[in-house]
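Asker: Sequence plus predicted model, see below.
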Amino acid sequence: MMRTRNRVGVAVRREDDGAIVTEAFDVEPPRGRWTRLPLMRGVVAIRTALSTGQKAMSIGERLRWEETRPAPSHPSALVAAEEAALATATGAPEGATIAGGPREEEVEGLGFWGKVAVGFGALLGAGIQIAAFRIGPIVIAKEAGLEGAAFIVADAAIRLMLLLGMLMVLSLFRPFRKILKYHGAEHQAIAAHEAGHPLTAAAAAGFSRFHPRCGTSFLVVSAMVSIVIYGAVLAITGVFTYPALIATRLLGAPIVTAVAFELQRQAAMRAEGRLRFLSWPGMWAQRLTTRHPDPAELEVACAALAVALEPAPAAAPAAAGSRDPATIGQPQPLA
């Protein structure tokens, strides 16, 4: 999966014939002056990343297992008719490409209890995440007898180690190692594009699998920011009870995210400047979240980025074929 400022491209190597299939959809993040304000844009960016990531995963699964249909005798006419019918059904403007999201019959096929199961699974996953990465580190550090600054540092370190440790365990399984290869391939394809090279596996293979805009770097920066913010709250209130500590982590999470986003943004913009030290811990941690990709993974990553860089069908003619980052936005990996 690849994302530019306003478009997401998904590429999958299909199971039945090994062909690479792609699909893209436009991203419409919340608009308004407040969404561009410092600290607010970080929360908006994370929320948009979660929604687009879920949508891209559903598209990827559908493309991966989609059966190959025989070519019709008049493919152009049939495809045009299908697109026109789908556009009419969804109310899309004439000429717009319909892409992304589960098909209507797939959504309806879930039924009431299927939707309930999906919702319950989402709530259960959120509860496990909060228990493991928000409450768990607090309990471990507090029961170890730590207090003050030692407790705050240990809380952040335990949370980060739990996450990275989980990734290390998962990397022992072959399917997950494949995912890490795709993660590295995303970074290399983006680096090749930013350097002005063609989007080919051969060109991307010559670049590093580490990238300063990776989500892994954001996690490391978030841990560093949490030490400062939660430490300040503890120093000001002096309350060291479980309810207060847990409430601080839950209510303060958006603030940590917003501040970390701004620091990560500045570090990525100045990867070779004065703030490059902010990228060092995250770049090192990417050794755990990426693997050296093979040409097969690089081909899929390049295909995803290529379709993400294509202008939307409704875009102005002047933008057609343009791949200028100034007009389409910097491509960003969303892992």
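Answerer: Good, I have the coordinates.
Asker: hey, where'd the helices end up in the stretch 51-200 of the chain?
Answerer: 75-90, 104-130, 136-143, 148-170, 174-194 (DSSP state H, counting those that start in this stretch).
Asker: mind giving me JSON lines with these and columns for distance to Arg36, mean pLDDT and mean neighbour count?
Answerer: Glycine gets a C-beta too; all of them are placed from N, C-alpha and C. Listed next are the helices of the stretch 51-200 of the chain as JSON lines, based on distance: least, C-beta to C-beta, whole Å; pLDDT from 0 to 100; neighbours: other C-beta atoms under 10 Å:
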{"stretch": "helix 75-90", "distance to Arg36": "30", "mean pLDDT": "40", "mean neighbour count": "12"}
{"stretch": "helix 104-130", "distance to Arg36": "28", "mean pLDDT": "68", "mean neighbour count": "10"}
{"stretch": "helix 136-143", "distance to Arg36": "33", "mean pLDDT": "92", "mean neighbour count": "17"}
{"stretch": "helix 148-170", "distance to Arg36": "29", "mean pLDDT": "88", "mean neighbour count": "16"}
{"stretch": "helix 174-194", "distance to Arg36": "23", "mean pLDDT": "93", "mean neighbour count": "20"}
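Asker: Turn these into TSV, including distance to Tyr242.
Answerer: Formatted as TSV, the helices of the stretch 51-200 of the chain follow (distance: least, C-beta to C-beta, whole Å):
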stretch	distance to Tyr242
helix 75-90	49
helix 104-130	14
helix 136-143	7
helix 148-170	12
helix 174-194	34
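Asker: Among the ones you listed, which comes closest to Glu28?
Answerer: Closest to Glu28 of the helices of the stretch 51-200 of the chain is helix 75-90 (C-beta to C-beta; 14.9 Å).
Asker: With respect to Arg33, which of the helices of the stretch 51-200 of the chain lies nearest?
Answerer: Among those, the nearest to Arg33 by C-beta to C-beta is helix 174-194 (29.1 Å).
Asker: what's the angle from that closest one to helix 148-170?
Answerer: Interaxial angle, helix 174-194 versus helix 148-170 (axes from the mean of the first three to the mean of the last three C-alpha atoms, to 10 degrees): 100 degrees.
Asker: Number the residues from 700 up from this point.
Answerer: Yes, from this point I'll number from 700; that puts the last item at helix 873-893.
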